[in-house]
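>>> okay, predicted coordinates and the sequence, questions at the end:
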Amino acid sequence: ILNVEQSPQSLHVQEGDSTNFTCSFPSSNFYALHWYRWETAKSPEALFVMTLNGDEKKKGRISATLNTKEGYSYLYIKGSQPEDSATYLCAFDGSGNTGKLIFGQGTTLQVKP
Amino acid sequence: EPEVTQTPSHQVTQMGQEVILRCVPISNHLYFYWYRQILGQKVEFLVSFYNNEISEKSEIFDDQFSVERPDGSNFTLKIRSTKLEDSAMYFCASRIQGWGNQPQHFGDGTRLSIL
């Protein structure tokens, strides 16, 4: 059974703090690793899709790295703001052409002003 | 920006009844998905759909589930005889192509409550 794990489960930080969380996934049959940002009562919003070992992607203050050989990805948020408060989901695509995603349980970030 | 829309936002149904959840994917997308999240659990894959047929389905997607793209714009999930354990948030997603570096775009979800 393929398993995707995220840590920590939740995180409380002060505005301005930088933070990071981890996604671990199977290191075999890798096609892509997705990161989503999910606010309550909204749809998950795609942040990154990472496909190559060593990939680093950046979107504003948020960046992500990928290590497919050891099966982990880090998501970093620099200078957290209250509007960054959300659940961050990673999802592993090991299926190739069907695009089936296996999700982690998410990391819920709360940024206090 | 184009988005995936789902209706209804909340559906309450008696156990044993049939329910149809509706989705309108982004218009030029070719691959369609249903996922669900039972309260407190991970988001889990149900089915992927391409070229008018199922391309992959999970163990959850048994004979009581079916999907259809009846008119080229809607994508529906039917649960034939609902059970209490079908209560969950159901998400539809679409993608422009099935592999590579394209994200899946999700709708806001339908909360299904089985009584």
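Yep, it's here.
>>> use CA for all of it now, contacts and neighbours both
OK.
>>> can you tell me the closest non-neighbouring residue to B:Tyr90?
The shortest distance from B:Tyr90 to any non-neighbouring residue, by CA to CA, 6 or more residues apart in numbering or on different chains, is to B:Arg36 (4.2 Å).
>>> make that A:Leu75, sorry
Per CA to CA, 6+ apart, closest to A:Leu75 is A:Ala64, 4.4 Å.
>>> identify the residues contacting the one you found.
A:Phe48, A:Glu56, A:Lys57, A:Lys58, A:Ser73, A:Tyr74, A:Leu75, A:Tyr76 (CA atoms under 8 Å, 6 or more residues apart in numbering or on different chains).
>>> those residues of chain B touching chain A, which are they?
When proximity is defined as CA under 8 Å from any CA of the partner chain, chain B approaches chain A at B:41-45, B:47-48, B:55-56, B:98-109.
>>> report the central residue of chain B.
B:Trp34 (3.0 Å; CA atoms, centre = their mean).
>>> over to A:Asp84: give its phi and psi.
phi -80, psi -10 (degrees, to the nearest 10).
>>> report how many residues lie close to it.
Neighbour count of A:Asp84, defined by other CA atoms under 10 Å in any protein chain shown: 18.
>>> and A:Tyr36, how far from chain B?
A:Tyr36 is 9 Å from chain B, where distance means CA to the nearest CA, to the nearest Å.
>>> what's the burial count for the closest residue to that residue other than its chain neighbours?
Closest residue to A:Tyr36 apart from its sequence neighbours, by CA to CA, 6+ apart: A:Ala46 at 4.5 Å. If you count neighbours by other CA under 10 Å, A:Ala46 ends up with 19.
>>> surely A:Ala46 touches A:Glu39?
No. Using CA atoms under 8 Å, A:Ala46 is not in contact with A:Glu39, being 11.8 Å away.
>>> so B:Thr5 sits against B:Gly107, correct?
Yes. Checked against CA under 8 Å, the pair B:Thr5 and B:Gly107 is within contact range at 5.3 Å.
>>> CA atoms of stretch A:88-95 as CSV?
These are the backbone C-alpha positions of stretch A:88-95, laid out as CSV (Å, rounded to 0.1, in the frame of the first residue of the first chain):
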residue,chain,number,x,y,z
TYR,A,88,-0.9,22.4,2.9
LEU,A,89,-1.4,19.0,1.2
CYS,A,90,1.1,17.0,-0.8
ALA,A,91,0.1,14.4,-3.2
PHE,A,92,2.1,11.6,-4.9
ASP,A,93,1.5,10.6,-8.5
GLY,A,94,2.9,7.2,-9.1
SER,A,95,0.5,6.2,-11.8
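>>> against A:Ser85, how distant is the residue nearest to A:Glu83 when sequence neighbours are not counted?
Leaving aside its chain neighbours, A:Glu83 sits nearest to A:Val111 (7.7 Å; criterion: CA to CA, 6+ apart). A:Val111 sits 6 Å away from A:Ser85, going by CA to CA, to the nearest Å.
>>> all strands for chain B, in order.
B:5-7, B:10-13, B:19-24, B:31-37, B:43-50, B:53-57, B:65-68, B:75-79, B:88-95, B:105-106, B:110-114 (DSSP state E).
>>> a markdown table please, covering those strands and showing mean pLDDT.
Formatted as a markdown table, the strands of chain B follow (pLDDT from 0 to 100):
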| stretch | mean pLDDT |
| --- | --- |
| strand B:5-7 | 96 |
| strand B:10-13 | 97 |
| strand B:19-24 | 97 |
| strand B:31-37 | 97 |
| strand B:43-50 | 96 |
| strand B:53-57 | 95 |
| strand B:65-68 | 96 |
| strand B:75-79 | 97 |
| strand B:88-95 | 97 |
| strand B:105-106 | 96 |
| strand B:110-114 | 97 |
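>>> done for today, thanks.
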